[in-house]
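Participant: Have a look; sequence and predicted model below, questions after that.
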Amino acid sequence: MTWCIRHIDNVKGFGLFSTENISSGSVILEEDPIISCQFSWNKLYKYRACDYCMKSLETTEEMCKRLAQNPGLKLPHHECCESKPVTYVHCQKCEEIYCSMDCREKAYNEFHKTLCPSSDLSDRNALEVLDETWRGFHYPPETASIQMIIRILARIKQEEKKEEFISDIEKFCHASRNDVEQIAHKLLGEQFLVQLTTLREQLSSVLFDESVQHWFTDDGFKNLFALLGTNQQGVGTSALSVWVHNCDELDLNPKDREELDNLIDGLYEELENVAGTFLNCEGAGLYRIQSKCNHSCEPNAEVCFPHNNHRLAVKACKDIAAGEEITISYLSECQIARGRYSRQQFLKENYLFHCCCSKCLEQTDDPDVTTDEESSSDMED
Ligand SMILES: [Zn+2]
Ligand SMILES: [Zn+2]
Ligand SMILES: [Zn+2]
């Protein structure tokens, strides 16, 4: 193992540290989530994914046809596509689809036994109403999902080691009352108090569980929301990116290579023109180790999903010396390019901490303005 988890201090909590020199580009660790789910809108928009591991189930060609709204679209090198519809299986009792028998079994044993429409353990209709309510509150771009809470509760009902699982989940939670309000507000907007009450009532009518009755109180439910808001990692899977990666590895003569590269560039352009930037099956997951990895505005590692499913990898993007803290960025590419004040504001609002990374410290003397103000004052100059 090239890393370890260490307690830093009472403000920062834990962090991930390298135990030997790690070279840029190498995979530091891989891990599966405690629980994951596809976002509700993403699923509704027919981004087909395995209901357990979120593997995107379309072949690359099917996916491109749909996203480009071009039924005649054809792709070369089918051998580079790793989506293999022959291995897909449905739940034995409903329409839910999985990439493999293994995923079907895991889903059933963890939560689907409770959530399957054929089960009388929960009310399918009420679950659908709940998902609709959620979508009504939380439009794309999605950053969270009620499905995560639904799965956690279903799992608690099915889990043999119930106490252990609950404590695993609750270990994530450290927010104060004010912070919790702020996060819920951020996720749901102005009407969040009314919306939270609606969601909580609908949820407890289907999945109330005595062992976590404290989650169903006003404060407890907000806490659960804050826990997910601050700890979940976005997951994006795509048959296309695996196909492109495999195409890059092909041994081609220079002319064929150029043609293929041009075709791929053209394809991305076509997809982005029609579908915008929403190309992936998107969702979220809770990860034990990755959640201990602190943010830096100048990170030395990055999170990726190299297997077209929810299995996450932390990959070094710089050389990391033995003993150095391993950091990732919680910001999007566009956010991280902003000034120090904008970045710190976003991190404070969404992740409840004041960033003191090396880059923020270097820029301490930059004025406290958001990027919008920066650019408007630029224009006045
Ligand atoms: Zn799967
Ligand atoms: Zn089922
Ligand atoms: Zn920073």
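Facilitator: Cool, the structure landed. Ligands and ions are numbered 1, 2, ... in the order given.

Participant: Let's verify the most centrally placed residue in the chain: helix, strand, or coil?
Facilitator: Centroid check for the chain by CA atoms, centre = their mean gives G234 as the closest residue, at 1.5 Å. Look at G234: counting by DSSP: H, G, I helix; E, B strand; the rest coil, its state is strand.

Participant: surely it meets A144?
Facilitator: No. Contact status for G234 versus A144: not in contact, 9.7 Å apart, counting by CB atoms under 8 Å. Heads up, the C-betas are built off the backbone N, CA and C, glycines and all.

Participant: Which neighbours do those two have in common?
Facilitator: By the contact definition CB atoms under 8 Å, 6 or more residues apart in numbering, G234 and A144 are jointly contacted by A284.

Participant: N308: neighbour count?
Facilitator: By the criterion of other CB atoms under 10 Å, N308 has 27 neighbours.

Participant: wait, isn't it in contact with T237?
Facilitator: Yes. Taking CB under 8 Å as the contact criterion, N308 and T237 are neighbours in contact, 5.1 Å apart.

Participant: got any residues that touch both of the two?
Facilitator: With contacts defined as CB under 8 Å, 6+ apart, the residues shared by N308 and T237 are 55-56.

Participant: ok so, going back, ok, the closest residue to the residue nearest to the centre of the chain other than its chain neighbours - contacts?
Facilitator: Across the structure, with CB to CB, 6 or more residues apart in numbering as the measure, the residue nearest G234 apart from its sequence neighbours is A284 (5.7 Å). For A284, the contacting residues are 36-37, 39, 143-145, 148, 228, 232-235, by CB under 8 Å, 6+ apart.

Participant: Which pair in the residues you listed has the greatest spatial separation?
Facilitator: The widest separation within the contacts of A284, taken as CB to CB, falls between S36 and T143 and amounts to 14.4 Å.

Participant: show me what contacts the closest residue in space to K74 that isn't next to it in sequence?
Facilitator: Of all residues not flanking K74 in the chain, E61 sits nearest, at 7.0 Å (CB to CB, 6+ apart). Listed by CB under 8 Å, 6+ apart, the contact set of E61 reads 73-75, 78, 81.

Participant: which element is E61 on?
Facilitator: The secondary structure element spanning E61 is helix 60-68 (assigned by DSSP states H and E).

Participant: avg pLDDT for that helix?
Facilitator: The average pLDDT within helix 60-68 is 92.

Participant: cool, stretch 211-219 as well?
Facilitator: For stretch 211-219, the per-residue pLDDT averages 92.

Participant: for it, which positions count as buried?
Facilitator: Taking 16 or more other CB atoms under 10 Å as the neighbour-count basis, stretch 211-219 is seen to contain the buried residues 212, 215-216.

Participant: Please report the distance of P367 from ligand 1.
Facilitator: As for P367, its distance to ligand 1 is 49 Å (criterion: CB to the ion, to the nearest Å).

Participant: And C64, by the same measure?
Facilitator: Shown here: C64 relative to ligand 1, a distance of 21 Å by CB to the ion.

Participant: so what's that residue closest to, chain neighbours aside?
Facilitator: Distances taken as CB to CB, 6+ apart put L73 closest to C64, at 5.4 Å, once the chain neighbours are dropped.

Participant: follow-up on the earlier one: so is the helix or strand following the helix holding E61 next to ligand 1?
Facilitator: Beyond helix 60-68 in the direction of the C-terminus, DSSP H and E gives the next helix or strand as strand 89-90. No. For strand 89-90 and ligand 1, the contact criterion (CB under 5 Å from the ion) is not met; the two come no nearer than 9.7 Å.

Participant: So in that sheet, which strands flank strand 89-90, and in what orientation?
Facilitator: Partners of strand 89-90 in the sheet, by DSSP bridges, are strand 97-98 (antiparallel).
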